[in-house]
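1. Could you look at this predicted model? Sequence included:
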Amino acid sequence: QVQLVESGGGLVQAGGSLKLSCVGSGYLFSTYAMAWFRQPPGKEREFVAAISWSGGSAYYVDSLKGRFTISRDNTKNTLWLQMNATKPEDTAVYYCAANVPAQTWFPPHDPQADYWGKGTLVIVSS
């Protein structure tokens, strides 16, 4: 049974940094491309970034390029999202997802994935 557990969310001041983690279990972690999505309060879930199974390729929504970095370590079954220069509009529940189809990596970034974590809340204060 595939399980994804996010951690690292919390309260951060605007301009600060936060690193989210996602640990996968119940499957061979390196099998799937993975991604981070987020759902701001009162809004739809949206794509943040994706990474190939090997970690060799990464894709970002244009608005977040340069501030967020996705990475993974298949030996540790872990996916990360480094968030820098945070803004109040980054406030959201952040979800880790596995087996993300390639079509999601590119605009319009339809939020599709076979497996989802339960999310971790990030609040960026102004």
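-> Right, received. Where do you want to start?

2. Buried residues in the helix or strand encompassing Val122, which are they?
-> Val122 belongs to strand 120-125 when assigned by DSSP states H and E. Of the residues in strand 120-125, 120, 122, 124 count as buried by neighbour count, 16 or more other CB atoms under 10 Å. Using the backbone N, CA and C atoms, a C-beta is placed for each residue, glycine as well.

3. Stretch 8-19 too?
-> By neighbour count, with 16+ other CB under 10 Å as the criterion, the buried positions of stretch 8-19 are 8-9, 12, 18.

4. Which single one of those residues is nearest to Tyr32?
-> Proximity of these to Tyr32 (CB to CB) peaks at Gly8, which lies at 20.5 Å.

5. mind checking how far that closest one is from Gln103?
-> Computed with CB to CB, to the nearest Å, the distance linking Gly8 and Gln103 is 28 Å.

6. what sits up against stretch 13-20?
-> In this structure, residues lying in contact with stretch 13-20 by CB atoms under 8 Å, 6 or more residues apart in numbering are 6-10, 12, 36, 80-88, 94, 96, 120, 122, 124-126.
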